[in-house]
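Enquirer: okay, structure incoming, though there's no sequence with it:
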């Protein structure tokens, strides 16, 4: 590392290429030495320290470059080993930067510009088109949406304009003006969502005309002023009231279990509040405090009581079926386009995110103690018939923390939640619920909810019977069984329309009773950011030294400048983003070797990449294993996790770096990806791509998808089909553990073999071992047979790799005994 610089110019883009460096956990003494080397003036060496620009926000982006479903380059991932790159966006106090980290491990700079502070930016994916809906900006794509302090007009207030720039030509193609500040941008292949304070505006991705808007969002103190979650089709936001006629079945369950630490913290807060009230009363009686202050507080509390706003309510709408114009959830409005409407928390919602399939939703509140995982089961009729299953409560801790980022793994078995304290919490979950264990998380693939033994033993029926008798919830945690919640919201929830009597005859319908049991999960790993000199904050405080890391908090001599964005790094807070991906650390450890195709498949869990506000991207290797203190390891053994940093990339920009602005060359990765996705979109729609000499010849897999049988806007219906069965797996009678399997041998050729042997042999006239020949079971004298208690062959199961010819000549008798 010392002889060769990790940075070099890129040939195809002209930007900078950063090679990964091996990362190891520093010891306490190594961290102190690093601190002294950064603090001691560089007068002795004569070289001043390298100046770096200030990072304001970081984000991992999904665009055409890493779209595995529409980019033909990634359709054969498992056979070719070609995996999508990580796309990273960094916002500075002056401009922004875009990085790509391919599977080769070398980070490549794709875009860099300095044009003032940027609050939010998104690379817009190619829209979904059809014969009736064309893309008006196809020749300009890819597009970059930017919200900066000074808009294109120059007369609008700061952060009140969204400018869309073409990365192909470098020109601005669209500008959307607003009267109030913009806080965030979200996009998918259908819409562009602009997030305002207490409002949401959605624009069509093909024409950028307004499609619908929401004005009933609940205000959040931060860091996200208006938290939303945008999936491939659904949009979730925080509603400011609960409408009974649209309320879905289920919702959040109570978190009425407090540890000793939580009880002490709550008692301390109560004592502090009481002392504050006593002090105010004493000062008012002595005349040192005007009585008007108390009257103002009373007036504020009375207004709060009269306020109809209810925190913690989530509304999910379908962006395809929702009507144009204002989306209003009220008692007089219909439920067209409303997927679900349910209470998620008692406090205001701070952050939420969908999983890759869009069926799971994770929500957090402003306290940050517990995170809720919901499964959304929709009904085609109305949102009141939909069901929301509260599968997990992810318990972080008892201290308050604001959540800024949530990310799922690709198989939805792991969730990482990052707070403004710079800590990323890794939780294990299952897409179908249940307790995470060795059987569910020690395999490289997702396993079924129940094992073969659980199916054959009928444990599912027993669990459902116990759950129905206990009131719908069967949780091993005290206080969580039979009580949907401890909050006043859910007391009203139970008094709404109760389930009809006929639902008891439909236990297989997931939208009806019994509801799945709630599982409380603790984090298996808590990855904290190392506190270096680049993380000096503005708060006053002593030097804090820890094991392997420390932070410096310098006193404020003047009033700090106003923050650029509500989610920026303020005193003691660090902006952090995380994502799961295949390992890219092979180059840092073995720079002279070539990467093997199966090298990234040696781990059960994908690597976790974390980017912080000081520009260091670190790959952490996650290794789950059975709990070391468990007396016996079985399928139900709890998990523990080992984490270690494997590689790091220093991506922060310095003032000496050149800008990398469009227009770009035709071989730029962003342009190549946009062309590939647009070409694939034209094939799916049955249209002629621009520049083609004539009608296209459809290839095998495109023929069925792009056929003009319907003529409607449902050409991709096959790829959007999602089946959820309502009945459990059928349990065959002979799969029960009370049955024994015994082998019948031919008459006169029976040989007793030990139970440990799996080979059956028969003796011929010469007493030489010979393989068992074919015979007809009708000629056997069953009465004269002496059946020995030998071990039988495995039962023939569907999909068994054992050929039928190997089982020929061996008859099986099933003996049912109690």
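Expert: Cool, got the structure. None of the values given here were measured: they were computed from a predicted structure. Residues are numbered from 1 along each chain as shown.
Enquirer: contacts only, for the nearest residue to residue 225 once chain neighbours are set aside.
Expert: Setting aside the residues directly before and after it, residue 225 is nearest to residue 183 in space (CB to CB, 6 or more residues apart in numbering), at 4.7 Å. Just so you know, the C-beta spots here come from the backbone N, C-alpha and C atoms, and that holds for glycine as well. The contact partners of residue 183, by CB atoms under 8 Å, 6 or more residues apart in numbering, come to 119-120, 195-197, 224-226, 565-566.
Enquirer: residue 141: what's its closest spatial neighbour, skipping adjacent residues?
Expert: Spatial nearest neighbour of residue 141, chain neighbours left out: residue 674 (4.9 Å); criterion: CB to CB, 6+ apart.
Enquirer: return the helix or strand in the chain with minimum mean pLDDT.
Expert: The weakest-scoring helix or strand in the chain, judged by mean pLDDT, DSSP states H and E, is strand 544-545 (a mean of 29).
Enquirer: out of the contacts of residue 183, list just those in strands.
Expert: Among the contacts of residue 183, DSSP state E puts 119-120, 195-196 in strands.
Enquirer: my read: residue 83 touches residue 582, true?
Expert: Yes: Residue 83 is within contact range of residue 582, at 5.3 Å (criterion: CB atoms under 8 Å).
Enquirer: low-confidence regions, the protein specifically.
Expert: For the chain, residues meeting the criterion pLDDT under 70 lie at 1-13, 25-50, 74-81, 152-155, 254-307, 458-508, 531-572, 587-602, 691-738, 746-818.
Enquirer: ok, now how distant is the residue nearest to residue 225 from residue 165?
Expert: 20 Å (CB to CB, to the nearest Å).
Enquirer: one more: residue 319?
Expert: Residue 319 sits 24 Å away from residue 165, taking CB to CB as the criterion.
Enquirer: those two: who's more crowded?
Expert: The residue with more neighbours, out of residue 319 and residue 165, is residue 165; 23 against 20, by other CB atoms under 10 Å.
Enquirer: if I read this right, the more buried one contacts residue 142, doesn't it?
Expert: No: taking contacts as CB under 8 Å, residue 165 lies outside contact range of residue 142: 9.7 Å.
Enquirer: just say helix, strand or coil for residue 145.
Expert: Classification of residue 145 by DSSP: H, G, I helix; E, B strand; the rest coil places it in strand.
Enquirer: shift numbering so it begins at 54
Expert: New numbering, starting at 54: the last item is residue 198.
Enquirer: for it, what are its contacts?
Expert: By CB under 8 Å, 6+ apart, residue 198 lies in contact with 174-177, 215-217, 238, 240, 245.
Enquirer: what of residue 470?
Expert: Neighbour list for residue 470: 415, 417, 424, 447, 449, 456, 458-459, 477-478, 480 [criterion: CB under 8 Å, 6+ apart].
Enquirer: again, only this time at 10 Å
Expert: 404, 406, 415, 417, 421, 424, 447, 449, 454, 456-460, 476-480, 576, 631 (CB atoms under 10 Å, 6 or more residues apart in numbering).
Enquirer: beta-bridge partners for residue 196, please?
Expert: Judged by DSSP bridges, the bridge partners of residue 196 are residue 177, residue 219.
Enquirer: any idea how many residues pack against it?
Expert: Neighbours of residue 196 under the rule other CB under 10 Å: 25.
Enquirer: so how far is residue 255 from it?
Expert: Noted for residue 196: a distance of 16 Å to residue 255, by CB to CB.
Enquirer: same question for residue 385.
Expert: As for residue 385, its distance to residue 255 is 23 Å (criterion: CB to CB).
Enquirer: which one's more surrounded, those two?
Expert: The residue with more neighbours, out of residue 385 and residue 255 and counting by other CB under 10 Å, is residue 255; that gives 24 against 7.
Enquirer: in which helix or strand would I find that one?
Expert: Element membership of residue 255 [criterion: DSSP states H and E] is strand 252-257.
Enquirer: residues contacting residue 191?
Expert: Applying CB under 10 Å, 6+ apart to residue 191 gives the contacts 179-180, 182, 259, 727, 731, 734-735, 742-743.
Enquirer: correct me, but residue 238 touches residue 172?
Expert: Yes: under the criterion of CB atoms under 10 Å, residue 238 makes contact with residue 172 at 8.8 Å.
Enquirer: overlap in contacts of these two?
Expert: The overlap between the contact sets of residue 238 and residue 172 (CB under 10 Å, 6+ apart) consists of 199-200.
Enquirer: the two: which is more packed in?
Expert: A count of neighbours by other CB under 10 Å puts residue 172 above the other of residue 238 and residue 172, at 23 against 18.
Enquirer: would you verify that residue 734 is located in a helix?
Expert: Yes: residue state for residue 734 (three-state DSSP) corresponds to a helix.
Enquirer: number of residues surrounding it?
Expert: Residues within reach of residue 734, counting by other CB under 10 Å, total 21.
Enquirer: contacts only, for the residue nearest to it when sequence neighbours are not counted.
Expert: Computed as CB to CB, 6+ apart, the closest residue to residue 734 that is not its neighbour in sequence is residue 182, at 5.3 Å. Applying CB under 10 Å, 6+ apart to residue 182 gives the contacts 188, 191, 242, 258-259, 731, 734-735, 737-738, 740, 766, 768.
Enquirer: can you say which of these are buried?
Expert: Among the contacts of residue 182, those buried by neighbour count (16 or more other CB atoms under 10 Å) are 188, 191, 242, 258-259, 731, 734-735, 737-738, 740, 768.
Enquirer: now, which of those lie within helices?
Expert: 731, 734-735, 737-738 (DSSP state H).
Enquirer: of the ones in strands among the contacts of residue 236, closest to residue 488?
Expert: residue 248 (36.1 Å; CB to CB).
Enquirer: beta partners for the closest one?
Expert: Beta-bridge pairing of residue 248 under DSSP bridges involves residue 237, residue 253.
Enquirer: so who does it touch?
Expert: 173, 200, 235-239, 254, 270, 277-281, 283, 290.
Enquirer: for ChimeraX, write the selection for the buried entries among the residues you listed.
Expert: To isolate the buried ones among the contacts of residue 248 in ChimeraX, judged by 16+ other CB under 10 Å, type:
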select :173,200,235,236,237,238,239,254,270,277,278,279,280,281,283,290
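Enquirer: out of the contacts of residue 248, which comes closest to residue 264?
Expert: residue 254 (8.7 Å).
Enquirer: what's the closest non-adjacent residue to residue 500?
Expert: That would be residue 493: by CB to CB, 6+ apart, it lies 5.7 Å from residue 500.
Enquirer: residue 263 is in contact with residue 246, correct?
Expert: No: look at residue 246 against residue 263 with CB under 10 Å: they stay out of range, at 11.4 Å.
Enquirer: make JSON lines from the contacts of residue 182 and add distance to residue 693 to it.
Expert: Formatted as JSON lines, those follow (distance: CB to CB, whole Å):
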{"residue": "188", "distance to residue 693": "50"}
{"residue": "191", "distance to residue 693": "51"}
{"residue": "242", "distance to residue 693": "40"}
{"residue": "258", "distance to residue 693": "44"}
{"residue": "259", "distance to residue 693": "49"}
{"residue": "731", "distance to residue 693": "47"}
{"residue": "734", "distance to residue 693": "45"}
{"residue": "735", "distance to residue 693": "50"}
{"residue": "737", "distance to residue 693": "45"}
{"residue": "738", "distance to residue 693": "50"}
{"residue": "740", "distance to residue 693": "53"}
{"residue": "766", "distance to residue 693": "49"}
{"residue": "768", "distance to residue 693": "48"}
